[in-house]
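1. need coordinates for the below:
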Amino acid sequence: MNIQVKDMGAVGDGTADDTTAIQSAIDLCAKSGGGVVVVDEGNYKIGTIFLKSNVTIELGQNGKISAQTDRKYYAEATYKQLYKDEQHMDLCLFYAEQCKNICIKGQGIIDGRGEEFSEFRPMMFRYLECENITLEQIHLEAPASWTNAFIGCTNIKVDKVDIHSRANKNGDGLDFDGCNKVFVSNCNFDCSDDCICLQNSYTDKKCRNIVIENCVMSSQWAGIRIGLLSCGVIENLTLTNCIFENINCSAIKIQSAEGAEVRQMVFHNLIMNNVQRPIFMTANRHRERVDLEEEIRTASCIRDILFSHIIINNIEKNKEMYELEEPCCIVLDSLEDDVIERVRISDVIMHVWGDKECKWESDKIPTQRNQRAEGRNYKGTLPAKGIFARNILDFDYQNIKILSHSSNTKKDIVMI
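-> Predicted coordinates for the structure are as follows:
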């Protein structure tokens, strides 16, 4: 069945609270066996909405949903944020738990009004152990924290979605935690934090079988981050035909930090423009998940990772960082008692700024022991312009061309 939210008493004037009316439309649709809840022609202000199985929310081109900013409109029973010290992100605008066949689609807008939040910052969507989720063509903007958190979900499809998340901190686009069968395609991201994140807070479940293709990513932090929250295996990823632009940290960040394996991943046909760390890979030990003991008893491992056919142009970003003696480069770094092995990088053209010789200043290159490993931890001049690798086993690099530019010169520095 199809239900217009205005038929359930929604006003859509941008002032009235329409939470009850929209929730009633979803509940009626679910009770009737499923269908479509139509949100059109108006600006509907809501607090927490509970999604239900077999229900699609469709926003028309002139339909908009906006978040309430008063805490009283937010339900407490919406699970929690799983990173330590981030309880201010526990609440959320839309919540689904153990639901099947959920769809959010249409040409309308969901506005999180994130710039108006400070003490508490709700996520826009949180899905807990749901199955068959589709996000299609929708515009998601200004969440107060993460845009979408998928936790222990199966069979997720995200296609032609625009996410603009610059209104507040931690503005991730898509976070997949312990999920299986994930397909992301044809999306555009402009985020204050990770555009896409693959992670695993489960010790008994794998995050696996992920396909990402044909996306454009811009971020204050990372394009795609894999791991950090890494209590269980993360495996089987292909990322192809994507563009990373204007990223202050890393285009691709791969991190095993909590004693699990991150493995079997292919990155192919990529362009990276104005990125501080094109590839950033670390293996260390630092507890990230809330409610677990601090000690990590097993080695953190990253294995069987392939990168190929990549163009990197970091001239403008390099100019900015060069004077700070932090040249842009690829960083692969493992502690001696953890593991990064079987990594291959091939067919890369990389443009960087400056032609000074790099100096080995080992006392300024800290190890990432007992701390959260981030690009900003590497102070001073790294002893490389193209690739810095430490404690890496079976590292294969072929056909990598690094071109160094300055105001008056352009020359090949090295081909490896």
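2. was I right about residue 54 contacting residue 34?
-> Yes. Using C-beta atoms under 8 Å, residue 54 is in contact with residue 34, at 2.9 Å. The way it works is simple: take the backbone N, C-alpha and C, and place the C-beta from them, glycine included.
3. and residue 20, what are its phi and psi?
-> Backbone torsions for residue 20, taken as degrees, to the nearest 10, come to phi -60, psi -40.
4. please name the residues that touch it.
-> residue 9 (C-beta atoms under 8 Å, 6 or more residues apart in numbering).
5. rerun that using 10 Å as the cut-off
-> 8, 9, 10, 46, 47 (C-beta atoms under 10 Å, 6 or more residues apart in numbering).
6. quick one: residues in contact with the strand or helix carrying residue 132.
-> In this assignment (DSSP states H and E), residue 132 forms part of strand 131-136. Contact partners of strand 131-136, identified using C-beta under 10 Å, 6+ apart, comprise 51, 53-54, 56, 58, 96, 98-106, 125, 127, 147-148, 150, 152-161, 163, 174, 179-184, 186-187.
7. separate out the buried members of those.
-> Among the contacts of strand 131-136, those buried by neighbour count (16 or more other C-beta atoms under 10 Å) are 51, 53-54, 56, 58, 96, 99, 101-106, 125, 127, 147-148, 150, 152-158, 161, 163, 174, 179-182, 184, 187.
8. hmm, back to that, shared neighbours, residue 54 and residue 34?
-> With contacts defined as C-beta under 10 Å, 6+ apart, the residues shared by residue 54 and residue 34 are 100, 101.
9. residue ranges with poor pLDDT in the chain?
-> 317-327, 354-364, 379-381, 407-416 (pLDDT under 70).
10. distance check, the residue minimising distance to the centre of the chain against residue 211.
-> The residue lying closest to the centre of the chain (C-alpha atoms, centre = their mean) is residue 196, at 2.4 Å. From residue 196 across to residue 211, the span is 12 Å (C-beta to C-beta, to the nearest Å).
11. between the helix or strand where residue 156 lies and strand 131-136, what angle do the directions make?
-> Here residue 156, judged by DSSP H and E, is contained in strand 154-159. Strand 154-159 and strand 131-136 are oriented at 10 degrees to each other (axes from the mean of the first three to the mean of the last three C-alpha atoms, to 10 degrees).
12. and the helices in the chain?
-> Under the criterion DSSP state H, helices of the chain are mapped to 19-31, 315-322.
13. of all these, which one comes closest to residue 225?
-> Comparison of the helices of the chain against residue 225 by C-beta to C-beta identifies helix 315-322 as nearest, at 18.4 Å.
14. surely residue 394 and residue 340 touch.
-> Yes. Counting by C-beta atoms under 10 Å, residue 340 is a contact partner of residue 394 at 9.4 Å.
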